[in-house]
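Undergrad: Fold the stuff below for me.
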Amino acid sequence: MKYHIYLIRGLYVAGGGALFKMLDKKISTETKLNVHICEDPLTAVARGT
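TA: You can find the predicted model right below:
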């Protein structure tokens, strides 16, 4: 399965949408995957982290 890495590591949310309250919980509930918010979601994509 080519998506197995998501099952192991989970999803990481970055960008302005990551600042919505409880977004990680909602995604986790719907997908049954671990969801993590980046340390600094607003600049994480620009910094490449």
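Undergrad: C-alpha only now, for contacts and for neighbours.
TA: Fine.
Undergrad: so who does the closest residue to Leu33 other than its chain neighbours touch?
TA: Distance criterion Cα to Cα, 6 or more residues apart in numbering; nearest residue to Leu33, sequence neighbours excluded, is Gly10 at 5.6 Å. Going by Cα atoms under 8 Å, 6 or more residues apart in numbering, Gly10 touches 33-36.
Undergrad: try it again with 7 Å
TA: Residues counted as contacts of Gly10 (Cα atoms under 7 Å, 6 or more residues apart in numbering) are 33-35.
Undergrad: Between those, which sits nearest Ala46?
TA: Val35 (20.4 Å; Cα to Cα).
Undergrad: where does this protein have low pLDDT?
TA: Within the chain, the segments meeting pLDDT under 70 span 1-3, 49.
Undergrad: quick one, longest helix in it?
TA: Taking DSSP state H as the criterion, the chain has its longest helix at helix 23-31.
Undergrad: May I have that helix exported as CSV, CA atoms only?
TA: Provided in CSV are the C-alpha atoms of helix 23-31 (Å, rounded to 0.1, in the frame of the first residue of the first chain):
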residue,chain,number,x,y,z
LEU,A,23,-9.4,20.9,13.6
ASP,A,24,-6.9,18.2,14.4
LYS,A,25,-9.5,16.4,16.5
LYS,A,26,-12.1,16.6,13.8
ILE,A,27,-9.8,15.3,11.1
SER,A,28,-8.6,12.5,13.5
THR,A,29,-12.1,11.5,14.2
GLU,A,30,-13.1,11.4,10.6
THR,A,31,-10.0,9.6,9.2
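Undergrad: just how off-centre is it within its chain?
TA: Taking Cα atoms, centre = their mean, to the nearest Å, one finds helix 23-31 lying 9 Å from the centre of the chain it belongs to.
Undergrad: What about the contacts of Gly10, which one has the most neighbours?
TA: Val35 (20 neighbours; other Cα atoms under 10 Å).
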